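Student: from the sequence below, what's the structure:
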Amino acid sequence: MYRYFFRISILVFIPLFLSIAGFVNAATSIPHSEADAYEAGRALIAEGNVNDAINLWIEEKARLQQLGEADFRIGIAAIEAITEHQLSRLYPLASNFYFWGLESRDIQRFKPYIAEELDRLSPLMPESLHAELVNRLKEGSPDVLAGIRGFFVQLNPVLTSNLNERLIEHWERIAYARKHFTRSRSSVYGTDDRGLIYVRYGPADRIETGSFTMNVNDILGFAGEIINQQEREQAQNPSRGFDNEPGGLMGFILDEMFKDNLAKLIADNVLTTRISDRYEIWIYENRAWPGRRNVTFMFGVNAQTGTYGLQTSPESFIPQSAFRERRMRMGDFNFNAGPLIQLSMYKDLRFVDDTYMDIYYDYFDRLLSDESIIQESGYSYLLYRYADELEAIRNLAPQISSVYDELSDIPLEIRQYRFLDEVGAPIELVYLYSMPHTRIVQDYNRFQQTEEAGAQPEYHLRHSVSTYTGSWQLLDRTHDFPPVFFDRFGPDGRMLPGSSAFLIRANEEAGAEDNGFRISATLFNEAYSGQQFIAGTDALAPAVPRSLLAETNIDLKLESLDNPLPVNQPAFSDIVLGYVHDELSDDEQLTPFRDDVIPFFVPSRRAVPQGALVELFFDVYGLHYLAEHSENPNDTIIYRLQYQVDAKEQRNALQRLFSRGQSRTQATVLELETRENSGNHLISIDTSDYVSGSYELTISLLNENDEVMVSRTLPFEVFEN
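Tutor: Residues are numbered from 1 along each chain as shown. The predicted structure follows:
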């Protein structure tokens, strides 16, 4: 069995700074002048001097930072130039430029440029967030830039790297779209509508192109069905339809000839309808949103406007005139060409995607069962019969990042414990547990097959907590590198997760409610080098190092903010429950906490193995309240702690049969004294007589008269060894 230990190395950051410094020194030094550096840089790029432009902006950025200022325009222009020219070694610099630009304070000066950026972000942002930021911009509030920063921070798939991969990917997609989707310049990116879809979703999984065939045999078949419907309706309502006088065999023959000629006349009318026949369909498989249908986007020339772009459905290729009900010259026959064209189109598309196949068969069934379809003259009803269904599927599709495709998730669990510090301010002890074992095994097998003989993998697991201000400025980031065990197990039989403990407090200057916290687990194999490749292509994944195997980021909401502990009255902190793990050293299981340690292993589940001591660590607060309400006031505060365990469910029937295991333990009372307002406590409970099952601990604070001042309950489980 393998056990992997992990170490911190600061050397990994050195090549980044060398590459940027080397780039800056290689460019011609451009002295700063009174001319606008933004415009000067744009002019250099227009002349093909990208290196000189970036060097100029680096100097201007340094100058403005000394003055505590920022230029939003330069932030946008720099990331645009670096990604357009694929200067991948400068991607960290590009990311830094962008977020520096968001520190601009002169909102009015940069208002038009911020509005353009909000337009560029509209395909990515939820409508509600975009509308809120637009309103903030109208008000001239700097919160608009904080909102943009927060949007990309929360999208960032690799939170702890020195760049924002999702931001870089966004601008790479814009650059690609501007080069390849140029049938018009109608979108916010200066591309046709394909650019909008590409920026939001990336490359399609499949692209189908073709023409609607309007096959004459299909149209004749559809027309025949319509005529038979009309005939069936005439049988119920003789005032409508057509009639041939002769009866018998001759009448039947004449009737069939009449219907054949009528079908041909209908087909001729349909086939002479001019439609926009060329289409391009992008299909995104449901891997991005499991359990849902594939999402399709159709591009072509709109029959009403004559413009190329994204179309809601195949009906957009049909002119409105096709949906007008008309009367044929042969008999009293009513006819609408639109449904026949719709059927023909969906038949052409039925093998493109299952959604189109379902629509085709549904509409064909309607044609056979609802004769009114061909007589409906309501254009909009027929046009949007299935367009709304297709649009609903698209609306459910979230944006896609290829960065996520290259990264695996790491299952995470979190335990949070509320405490107060020495001045009564809330602090929170947060345990992060991650299970990277499956990803390590997968990579280990691949590594053995693909790497050179004798090469050994070098796995590193990193846990991190990032603290942000209310405007999403990074305040602090703390790392821990826990070991991953493959040969040690918890009380429930699962391999022990990698575990870390973080002590978090709200930043008093920013205000507790304004803080944001994100917690992450990242897995590396440092034996790899280079960058990831997008699966199935020769294209590099945006800025993702090949050594990065998996990362999971989640927002952390401090329970101390939603449900704070009371102050200036008796109260318990949250109770940390665990046990001493026989296979772990003291250093591997203790948790440094304030000026003390929690000297036992804290599992992700509140569970202990049968026979182990249940270890409890907690604080008691508000003890001065007891002294103030004591019948015998004294400098020394006397208080009592009472604890008791009740069995909720005992699973071992055989042990219960032989009277092992009690449903309720005897209450234990500890008498304590202190001069302080609070005290921390470590209590051990023997479980040698407990059978496997579910239990509940109740712990109470008693005053000198044995009156319960406050109680706390805690469920836990006992597992058989």
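
Student: list the contacts for the residue nearest to Gln589 when sequence neighbours are not counted?
Tutor: Of all residues beyond its chain neighbours, the one nearest Gln589 is Phe601 (3.9 Å), with distances taken as Cβ to Cβ, 6 or more residues apart in numbering. Using the backbone N, CA and C atoms, a C-beta is placed for each residue, glycine as well. Counting by Cβ atoms under 8 Å, 6 or more residues apart in numbering, Phe601 makes contact with 578-581, 584, 589.

Student: over to Phe152?
Tutor: Here Phe152 is in contact with 99, 164, 166-167 (Cβ under 8 Å, 6+ apart).

Student: which one (most neighbours) among those residues?
Tutor: Asn164 (27 neighbours; other Cβ atoms under 10 Å).

Student: now do that residue against Ser104, distance only.
Tutor: 18 Å (Cβ to Cβ, to the nearest Å).

Student: could you do Glu704 as well?
Tutor: Taken as Cβ to Cβ, the span from Glu704 to Ser104 is 62 Å.

Student: who has more neighbours, these two?
Tutor: Ser104 (21 against 16).

Student: that one touches Gly68, doesn't it?
Tutor: No: if you go by Cβ atoms under 8 Å, Ser104 and Gly68 don't touch, sitting 11.2 Å apart.

Student: send the alpha carbons of the helix or strand encompassing Thr355 over as PDB?
Tutor: Using DSSP states H and E, Thr355 falls within helix 354-369. Extracted in PDB, the C-alpha atoms of helix 354-369 (Å, rounded to 0.1, in the frame of the first residue of the first chain):
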ATOM      1  CA  ASP A 354     -32.900  13.200 -31.200                       C
ATOM      2  CA  THR A 355     -34.800  16.400 -30.400                       C
ATOM      3  CA  TYR A 356     -35.500  16.900 -34.100                       C
ATOM      4  CA  MET A 357     -36.500  13.300 -34.600                       C
ATOM      5  CA  ASP A 358     -39.000  13.600 -31.700                       C
ATOM      6  CA  ILE A 359     -40.500  16.800 -33.200                       C
ATOM      7  CA  TYR A 360     -40.800  15.200 -36.600                       C
ATOM      8  CA  TYR A 361     -42.800  12.200 -35.400                       C
ATOM      9  CA  ASP A 362     -44.900  14.300 -33.100                       C
ATOM     10  CA  TYR A 363     -45.800  16.600 -35.900                       C
ATOM     11  CA  PHE A 364     -46.500  13.700 -38.300                       C
ATOM     12  CA  ASP A 365     -48.900  12.200 -35.700                       C
ATOM     13  CA  ARG A 366     -50.600  15.600 -35.400                       C
ATOM     14  CA  LEU A 367     -51.000  15.700 -39.100                       C
ATOM     15  CA  LEU A 368     -52.800  12.300 -39.100                       C
ATOM     16  CA  SER A 369     -55.000  13.200 -36.100                       C
END
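
Student: report the contact partners of the residue nearest to the spatial centre of the chain.
Tutor: When Cα atoms, centre = their mean is applied to the chain, the residue found nearest the centroid is Leu155 (6.8 Å). Residues counted as contacts of Leu155 (Cβ under 8 Å, 6+ apart) are 164, 166-167, 401.

Student: how does it look with 7 Å?
Tutor: If you count contacts by Cβ atoms under 7 Å, 6 or more residues apart in numbering, Leu155 has them with Arg166.

Student: and the pLDDT for it?
Tutor: pLDDT recorded at Leu155 is 88.

Student: do Thr160 as well
Tutor: At Thr160, the pLDDT value in this model is 71.

Student: now the longest strand seen in the chain, how far from the centre of its chain.
Tutor: If you go by DSSP state E, the chain has its longest strand at strand 637-650. Relative to its parent chain, strand 637-650 has a centroid offset of 43 Å by Cα atoms, centre = their mean, to the nearest Å.

Student: other SSEs contacting it?
Tutor: Secondary-structure packing of strand 637-650 (3 or more Cβ pairs under 7 Å, 6 or more residues apart in numbering; DSSP states H and E): helix 623-628, strand 668-674, strand 679-686, strand 693-702.

Student: tell me the most buried of the ones you listed?
Tutor: Greatest average neighbour count among these goes to strand 693-702 (a mean of 19), per mean count of other Cβ atoms under 10 Å.

Student: what angle do whichever helix or strand comes after that strand and strand 637-650 make?
Tutor: Next helix or strand after strand 693-702 toward the C-terminus (DSSP H and E): strand 708-719. Orientation check (axes from the mean of the first three to the mean of the last three Cα atoms, to 10 degrees): strand 708-719 against strand 637-650 gives 40 degrees.

Student: mean confidence for strand 708-719?
Tutor: Per-residue scores along strand 708-719 average to 92.

Student: in that strand, what's buried?
Tutor: 709-710, 712, 714, 716-719 (16 or more other Cβ atoms under 10 Å).

Student: stretch 574-593 too?
Tutor: For stretch 574-593, by 16+ other Cβ under 10 Å, it's 574-581, 584, 589-591, 593.

Student: wait, which of those residues is closest to Leu159?
Tutor: Among the buried residues of stretch 574-593, Thr591 lies closest to Leu159 (Cβ to Cβ), at 23.6 Å.

Student: which residues does the closest one bridge with?
Tutor: Ile598 (DSSP bridges).

Student: who's in contact with it?
Tutor: Taking Cβ under 7 Å, 6+ apart as the test, what Thr591 contacts is 501, 597-598, 602.

Student: give me the pLDDT for it.
Tutor: The predicted local confidence for Thr591 is 90.

Student: same question, Val465
Tutor: 93.

Student: spatially nearest residue to Pro715 (excluding sequence neighbours)?
Tutor: In space, Pro715 is closest to Glu696, 5.1 Å off (Cβ to Cβ, 6+ apart).

Student: actually Asn215, not the one I typed
Tutor: Ser344 (6.7 Å).

Student: dump the residue contacts of that neighbour.
Tutor: Contacts of Ser344 by Cβ under 7 Å, 6+ apart are 212, 214-215, 218-219.

Student: what's the burial count for Ile410?
Tutor: Close neighbours of Ile410, defined as other Cβ under 10 Å, add up to 24.

Student: so it makes contact with Asn553?
Tutor: No: Ile410 is not in contact with Asn553 according to Cβ atoms under 7 Å; the separation is 10.0 Å.

Student: so in the protein, where's the weakest helix or strand by average pLDDT?
Tutor: strand 3-4 (a mean of 34; mean pLDDT, DSSP states H and E).

Student: out of the contacts of Phe601, which are inside strands?
Tutor: Gly578.

Student: just the contacts of Phe601 now: which is nearest Arg477?
Tutor: Of these, the one sitting nearest to Arg477 (Cβ to Cβ) turns out to be Gln589, at 25.2 Å.

Student: all strands of the stretch 501-650 of the chain, in order?
Tutor: Assigned by DSSP state E, counting those that start in this stretch, the strands in the stretch 501-650 of the chain fall at 516-525, 531-533, 540-545, 548-556, 571-572, 576-578, 591-593, 596-598, 607-609, 613-621, 637-650.

Student: confidence-wise, which of those is weakest overall?
Tutor: Among the strands of the stretch 501-650 of the chain, strand 531-533 scores lowest, at a mean of 45.

Student: thinking again about what came up before, tell me which other helices or strands the helix holding Thr355 touches.
Tutor: By 3+ Cβ pairs under 7 Å, 6+ apart, helix 354-369 packs against helix 338-349.

Student: how much space separates the closest residue to Asn680 other than its chain neighbours from Ala571?
Tutor: Nearest non-adjacent residue to Asn680, counting by Cβ to Cβ, 6+ apart: Asp619, 4.9 Å away. Noted for Asp619: a distance of 9 Å to Ala571, by Cβ to Cβ.
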